[in-house]
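>>> just the structure for this:
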Amino acid sequence: MANDSIDQQHDPEALLTHAQKALDDCLPDLARKFLLRALQIRPDHVPTLETLGVTEMEDMVAAGESGEEQKTAECAERAYQYFLRAATVNPDEGYEKYLYLGQLTEGKDALEFYRRGVVIMEKLLGSVAAGSEEERLIRRKLSDVLCSMTETYMTDCCDEPEAESCCDQFATNAIKYDPSNPEAHQTLASVRMSQCRPDEARAAIETSMDTWFKTARVGDTNWPAYPARVALAKILLELALHERALAVLQTLQDENDEDPEAWYLYGWCYYRMGGGGEDTASIRVEDQVDAWDNAKDCFESVIQLHERFGNGDEVIEHTQQLLEEITPFVDANGHLLGQSGMARVPDVAAANNDAMEI
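Numbering: from 1, shown residues only. Next comes the predicted model:
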């Protein structure tokens, strides 16, 4: 037994198994000790390098959420070096390291890492059984990566001469690989908006929402992550699809009713429904006052949450400006409240009261 224990201390595979168990038990520091020991024994052991990279990525995310900027940067640099070493040792197999490297870099570097991952996934796709779960997973990852490449061309590389054509190609292929992926249709909508093609953008974003809203449940594969739903709400608002935007915002509120940005978007939606930023002559006063009263409640929630938690700096100034615009109108026409038949924004009053209880 003692010899077995000694052997395991010198076996990278055994150390990797111990590390993975430690990670499963939420013991990243212990896992790192096993992994670093394995790396001392075999510096080019790709599974160890990749697992170390993943461990650093998880610590990076946790540090970022805690506001530890220096630790976040240090974890990111270590993860980058581990994944880069794995890619150098085994460049033609295993796509995950390239996807992580794409996340850890920017611009052309990110695009090249993503491209190399796509090449491996496309080859792998041809070797798996059609209709299998493995094929479905690869198609979804391919679709997601192509969305990331599109986003990179729309931001970091937007001035490159090939940017528009690549955005078209990548967004279209993302849908081809996985038509059920809501992110793919949402990405295409963003591309069409940037091309000033609102009708096509509207069709794409409605398709995106329809792939999950009525059928998926929280935690399902097709249920978009919170940030993706925030982005979806913004696109819907930009395209004046207010009722759909309210439906998406309700899912955000159900998940986190203390997010100032979500309350701001709620308020912005009602502000726009009441004619804000446009000619209000065509809107009935009863409709406008109900919409703006809802908006007022939402914007007041933003203020309350900002005072309580200190977050929401990016929207607070505009929120205050909008409140200054709409409050006199709501106060002057308060006797008309409730006459439009417009539903109240869910739980706004309760959210305001909760925010006030410090």
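>>> and residue 71, how close does it get to residue 78?
Distance of residue 71 to residue 78, given as C-beta to C-beta, to the nearest Å: 11 Å. Every residue, glycine included, has its C-beta placed from N, CA and C.
>>> residue ranges with poor pLDDT in the stretch 1-150 of the chain?
Applying pLDDT under 70 to the stretch 1-150 of the chain picks out residues 1-9.
>>> next one: the stretch 201-350 of the chain
For the stretch 201-350 of the chain, the stretches with pLDDT under 70 are 279-281, 339-350.
>>> now the helices for it?
226-238, 242-255, 260-273, 285-309, 313-332, 348-356 (DSSP state H, counting those that start in this stretch).
>>> and these: which comes nearest residue 108?
The minimum distance between residue 108 and the helices of the stretch 201-350 of the chain falls on helix 226-238, with 23.8 Å, by C-beta to C-beta.
>>> contacts for the closest one?
Contact partners of helix 226-238, identified using C-beta atoms under 8 Å, 6 or more residues apart in numbering, comprise 182-183, 186, 189-190, 193, 201, 205, 208-209, 224, 242, 244-245, 248-249, 251-252, 255-256, 261-262, 265, 268-269, 272.
>>> out of these, which end up buried?
Buried residues within those, counting neighbours by 16 or more other C-beta atoms under 10 Å: 182-183, 186, 189-190, 193, 201, 205, 208-209, 224, 242, 244-245, 248-249, 251-252, 261-262, 265, 268-269, 272.
>>> from what I see, residue 330 and residue 299 are in contact.
No - Residue 330 is beyond contact range of residue 299, at 10.9 Å (criterion: C-beta atoms under 8 Å).
>>> looking at those two, which is more packed in?
Neighbour count, other C-beta atoms under 10 Å: between residue 330 and residue 299, residue 299 has more, with 28 against 22.
>>> that older thread, out of the helices of the stretch 201-350 of the chain, which is closest to residue 117?
Of all the helices of the stretch 201-350 of the chain, it is helix 226-238 that lies closest to residue 117, at 20.4 Å by C-beta to C-beta.
>>> just the buried residues of the closest one, please?
The neighbour-count check on helix 226-238 (16+ other C-beta under 10 Å) flags 229-238 as buried.
>>> just curious, which of those residues is nearest to residue 100?
Once C-beta to C-beta is applied, the member of the buried residues of helix 226-238 that ends up nearest residue 100 is residue 231, at 21.8 Å.
>>> still on that earlier bit, out of the helices of the stretch 201-350 of the chain, nearest to residue 129?
Checking the helices of the stretch 201-350 of the chain against residue 129 by C-beta to C-beta gives helix 226-238 as the closest, at 29.8 Å.
>>> okay, angle between that closest one and helix 242-255 too, please.
160 degrees (axes from the mean of the first three to the mean of the last three C-alpha atoms, to 10 degrees).
>>> quick one: helix 226-238 to chain centroid distance?
10 Å (C-alpha atoms, centre = their mean, to the nearest Å).
>>> for that helix, list the C-alpha coordinates in PDB.
This file holds the C-alpha atoms of helix 226-238, laid out as PDB (Å, rounded to 0.1, in the frame of the first residue of the first chain):
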ATOM      1  CA  TYR A 226     -28.500  36.500 -17.900                       C
ATOM      2  CA  PRO A 227     -26.000  38.700 -19.900                       C
ATOM      3  CA  ALA A 228     -27.400  37.400 -23.200                       C
ATOM      4  CA  ARG A 229     -30.900  38.200 -22.100                       C
ATOM      5  CA  VAL A 230     -29.800  41.800 -21.200                       C
ATOM      6  CA  ALA A 231     -28.300  42.100 -24.700                       C
ATOM      7  CA  LEU A 232     -31.500  40.700 -26.200                       C
ATOM      8  CA  ALA A 233     -33.700  43.200 -24.300                       C
ATOM      9  CA  LYS A 234     -31.500  46.000 -25.700                       C
ATOM     10  CA  ILE A 235     -31.900  44.900 -29.300                       C
ATOM     11  CA  LEU A 236     -35.600  44.500 -28.800                       C
ATOM     12  CA  LEU A 237     -35.800  48.000 -27.500                       C
ATOM     13  CA  GLU A 238     -33.700  49.400 -30.300                       C
END
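>>> before I go, just wanted to say thanks for your time.
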